[in-house]
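Trainee: Build the 3D model from these lines:
(2 chains)
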2 protein chains.
Amino acid sequence: MRIGFLGPAGTFSHAAVHASPRTPADAELVPAGTVHATVLAVQSGTVERALVPIENALEGAVNATLDALAFDAPDVRMVGEEVLAVRHCLVAAQDVPLAAIRTVLSHPQANGQCQDFLRRELPSAAVLPAASTAEAIRLVAAGEAPDPPAAAIGTALAAELYGAVVLREGVEDDASNVTRFVWLARDGAVDDAADAPGGRWKTSVVFSGDGDGRPGWLVRCLSEFAFRGVNLTKIESRPARHRLGHYLFHLDMDGSIADPRVAEAVAALEIHGASTRVLGSYLAA
Amino acid sequence: MRIGFLGPAGTFSHAAVHASPRTPADAELVPAGTVHATVLAVQSGTVERALVPIENALEGAVNATLDALAFDAPDVRMVGEEVLAVRHCLVAAQDVPLAAIRTVLSHPQANGQCQDFLRRELPSAAVLPAASTAEAIRLVAAGEAPDPPAAAIGTALAAELYGAVVLREGVEDDASNVTRFVWLARDGAVDDAADAPGGRWKTSVVFSGDGDGRPGWLVRCLSEFAFRGVNLTKIESRPARHRLGHYLFHLDMDGSIADPRVAEAVAALEIHGASTRVLGSYLAA
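Mentor: This is a model prediction of the structure:
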């Protein structure tokens, strides 16, 4: 099985694929350049599965994933979920005192997750964005980062892959921080978890409607779930991409779409003029 | 009056301060290093006002602004709103044919907003992230960008400030793209718009509650607005920062907090165990 992930080698997504019990031992791991490209590799059939980040406990939704699914991947479904603790390392080409570091490179989300650490321990270092945590570590390990001595924030896996030195482990501000990933497959692909007995199921849908400028429209839509006792675990609004003030709403809820209460609530959105797509039902992590 | 903005000089935020009719001619403009620092400069009284981006029509909420207001700036209020079209320029140190450009530098959000242009007109150029659009233009103007000839994407203001040449104006993919900014001041500071006659007012609140795991809790909260005919213009969920699955909800609505329907709906959230903070009432842009 070919499994797509946000590359290059050594990203947090790569580490997540390694850690997932759903990754077959003989899987071929295929890096993609962006989250968007990772989702589209499933849409085009270049890979059979992908594991993409969808939500971080501190930073919130991964908008690139939500937007790629909603706008550009009509045949992709969510078929599983993983929740993984985020462990960041401060990494450099060689052992160097923290006070000497002039530049810190990482993905903006990782920089955000370590901002208290950076403000406290490296107050005078410039914090620069890189395309990914792994790319940051590769640049630092290769001596290609601007204004050295430079450090990067990323995974222990990347430090190992690129031959860099871990200066400090667990530099994330919140040790309880976790990221939620979803497994993606094309619609109709067999879901290996589909016949798993018991377990807690979740369903994700995305909907929008022209009525969203009228008072109470969103409440009337959400009431369809409340009336039927369906618990919404998450609501996220994303720009509808035509004009400011119009949104797509992403909902996660407890229960499978095979549960009549869930199916009826989702179907009832049509009464309110909403157009709705079920992104998938899957076993909760 | 001292006015804070996301620096360095020449950012889109800087251009927004210049463009705003609410900026006094004799204002002293004070750049801050991050959105978080810009908001905190108002909280600490270092500046009397700040203008910060809060939402982009394509990219969605500016999470750093929402989180800084909710978590770290209890005394800061929204006192005004500006909506500005996003106009990006392709800029270089000197006039150079587009086909010769090997590297394009900008903030990842600006790169994202110009990706169709870049794929179409500069398909073989490497697109690299910079800390801000202004920093990208400064580096390119100073000949410090990697792998020249290099170009940057940013404001015409930055091109002027750093002595660079505008190669192409309006390189954004969506000419209708706009960013919404909010004016911030400390609670109790006189709002210059407070006695403006007429105009459309908006109110922003943030709330959260321990009941958010029960089916229908969010619907019951939002119903308080719907029952009173208060139109919600925006709902955004942000992680509550203790554990995955708990959120702060940011709501924007039509009407001032001086409108009894708005005030009663906000007060009624307490019945549902929500703790609520009014972030401000202001004239809509």
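Trainee: Please count neighbours and contacts with C-alpha atoms only from this point.
Mentor: Will do.
Trainee: Can you work out which other helices and strands pack against the one helix or strand A:F249 maps to?
Mentor: Using DSSP states H and E, A:F249 sits within strand A:247-254. Applying 3 or more CA pairs under 8 Å, 6 or more residues apart in numbering or on different chains; DSSP states H and E, one finds that strand A:247-254 contacts strand A:201-209, strand A:232-239.
Trainee: Show me the contact partners of the first one.
Mentor: The list of residues contacting strand A:201-209 from outside it, by CA atoms under 8 Å, 6 or more residues apart in numbering or on different chains, reads A:70, A:78, A:247-257, A:272-284.
Trainee: swap in stretch A:138-146?
Mentor: Residues contacting stretch A:138-146 (CA under 8 Å, 6+ apart): A:A92, A:A93, A:T103, A:L105, A:A136, A:A150, A:A151, A:A152, A:A158, A:Y162, A:G163, A:A164.
Trainee: Give the buried residues for it.
Mentor: For stretch A:138-146, the neighbour count (16 or more other CA atoms under 10 Å in any protein chain shown) marks A:R138, A:L139, A:V140, A:A141, A:A145 as buried.
Trainee: which element is A:R220 on?
Mentor: Counting by DSSP H and E, A:R220 is found in helix A:217-227.
Trainee: now check that helix, is it near chain B?
Mentor: Yes. Residues of helix A:217-227 contacting chain B under CA under 8 Å from any CA of the partner chain: A:V219, A:L222, A:S223, A:F225, A:A226, A:F227.
Trainee: Dump those to CSV, plus neighbour count.
Mentor: Output for these, formatted as CSV (neighbours: other CA atoms under 10 Å in any protein chain shown):
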residue, neighbour count
A:V219, 21
A:L222, 24
A:S223, 22
A:F225, 24
A:A226, 21
A:F227, 13
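Trainee: can you pull the contacts of A:F117?
Mentor: Per CA under 8 Å, 6+ apart, neighbours of A:F117: A:V171, A:E172, A:D173.
Trainee: you'd agree it is in a strand?
Mentor: No. A:F117: not assigned to a strand; according to DSSP: H, G, I helix; E, B strand; the rest coil it is helix.
Trainee: and A:G188, how many neighbours?
Mentor: For A:G188, the count of nearby residues is 9 (other CA atoms under 10 Å in any protein chain shown).
Trainee: I'd guess it is in a strand, am I close?
Mentor: No. If the criterion is three-state DSSP, then A:G188 is coil and not within a strand.
Trainee: Can you give me the pLDDT of it?
Mentor: Looking at A:G188, its pLDDT stands at 83.
Trainee: Could you say which helix or strand holds A:M78?
Mentor: With DSSP H and E as the criterion, A:M78 is inside strand A:76-85.
Trainee: Residue of the stretch 1-150 of chain A nearest chain B, please.
Mentor: A:A57 (4.9 Å; CA to the nearest CA).
Trainee: check contacts around the residue nearest the centre of chain A.
Mentor: When CA atoms, centre = their mean is applied to chain A, the residue found nearest the centroid is A:P53 (1.6 Å). By CA under 8 Å, 6+ apart, the contact set of A:P53 is A:S13, A:V62, A:T65, A:T179, A:R180, A:F181, A:V182.
Trainee: Give me the average confidence score over the strand or helix carrying A:R120.
Mentor: Element membership for A:R120 (DSSP H and E) is helix A:115-121. Throughout helix A:115-121, pLDDT has a mean value of 93.
Trainee: for A:G245, helix, strand, or coil?
Mentor: From three-state DSSP, the assignment for A:G245 is coil.
Trainee: Surely it touches B:I235?
Mentor: No. The criterion here is CA atoms under 8 Å, and A:G245 misses it with B:I235 at 10.0 Å.
Trainee: Who has more neighbours out of the two?
Mentor: Higher neighbour count among A:G245 and B:I235: B:I235, with 21 against 15, using other CA under 10 Å.
Trainee: Name the nearest residue to the more buried one, ignoring sequence neighbours.
Mentor: B:L251 (4.7 Å; CA to CA, 6 or more residues apart in numbering or on different chains).
Trainee: just A:G10 next, same as before
Mentor: Per CA to CA, 6+ apart, closest to A:G10 is A:A158, 3.9 Å.
Trainee: secondary structure element for the one you found?
Mentor: Going by DSSP H and E, A:A158 is in helix A:156-162.
Trainee: now A:A100: how far from A:V171?
Mentor: Going from A:A100 to A:V171 by CA to CA, to the nearest Å gives 17 Å.
Trainee: and the two? which has more neighbours close in?
Mentor: Counted by other CA under 10 Å, A:A100 and A:V171 do not tie: A:V171 has more neighbours, with 21 against 13.
Trainee: Shouldn't the more buried one be within a strand?
Mentor: No. Assessed with three-state DSSP, A:V171 is coil; it does not lie in a strand.
Trainee: ok, it - contacts?
Mentor: A:R87, A:H88, A:C89, A:L90, A:C114, A:F117.
Trainee: Go again with 10 Å.
Mentor: Shown in contact with A:V171 (CA atoms under 10 Å, 6 or more residues apart in numbering or on different chains): A:86-90, A:113-118, A:153-154.
Trainee: where does chain A dip in pLDDT?
Mentor: Where chain A drops to pLDDT under 70, the residues are A:190-198, A:242-243.
Trainee: what domains does the record give for it?
Mentor: A:2-85+A:177-186, A:89-169, A:201-283 (automatic domain parsing).
Trainee: measure the shortest one end to end?
Mentor: Looking back up the chat, that one is domain A:89-169. 4 Å.
Trainee: how much distance is there from that domain to the middle of the chain?
Mentor: 21 Å (CA atoms, centre = their mean, to the nearest Å).
Trainee: ok, back up a step: save the domains of chain A as a markdown table, and put in distance to B:D187 too.
Mentor: Output for those, formatted as a markdown table (distance: least, CA to CA, whole Å):
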| stretch | distance to B:D187 |
| --- | --- |
| domain A:2-85+A:177-186 | 27 |
| domain A:89-169 | 26 |
| domain A:201-283 | 27 |
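Trainee: Those domains: which one's closest to B:S20?
Mentor: Smallest distance to B:S20 across the domains of chain A (CA to CA): 19.0 Å, for domain A:201-283.
Trainee: if we can go back for a sec, shared neighbours of A:G245 and B:I235, anything?
Mentor: A:R238.
Trainee: Helix, strand or coil: sort out the residue nearest to A:W217 when sequence neighbours are not counted for me.
Mentor: Counting by CA to CA, 6+ apart, A:G211 is the residue found nearest to A:W217 once chain neighbours are left out, at 6.2 Å. For A:G211, the reduced secondary structure class is helix; criterion used: three-state DSSP.
Trainee: Repeat that for A:E135.
Mentor: Going by three-state DSSP: A:E135 is helix.
Trainee: For burial, what's the neighbour tally of A:L98?
Mentor: 17.
Trainee: who are the neighbours in contact with it?
Mentor: A:L90, A:A92, A:E121, A:L122, A:A125, A:P149, A:A150, A:A151, A:L167, A:R168.
Trainee: In strands, which of those fall?
Mentor: A:L90, A:A92, A:A150, A:A151, A:L167, A:R168 (DSSP state E).
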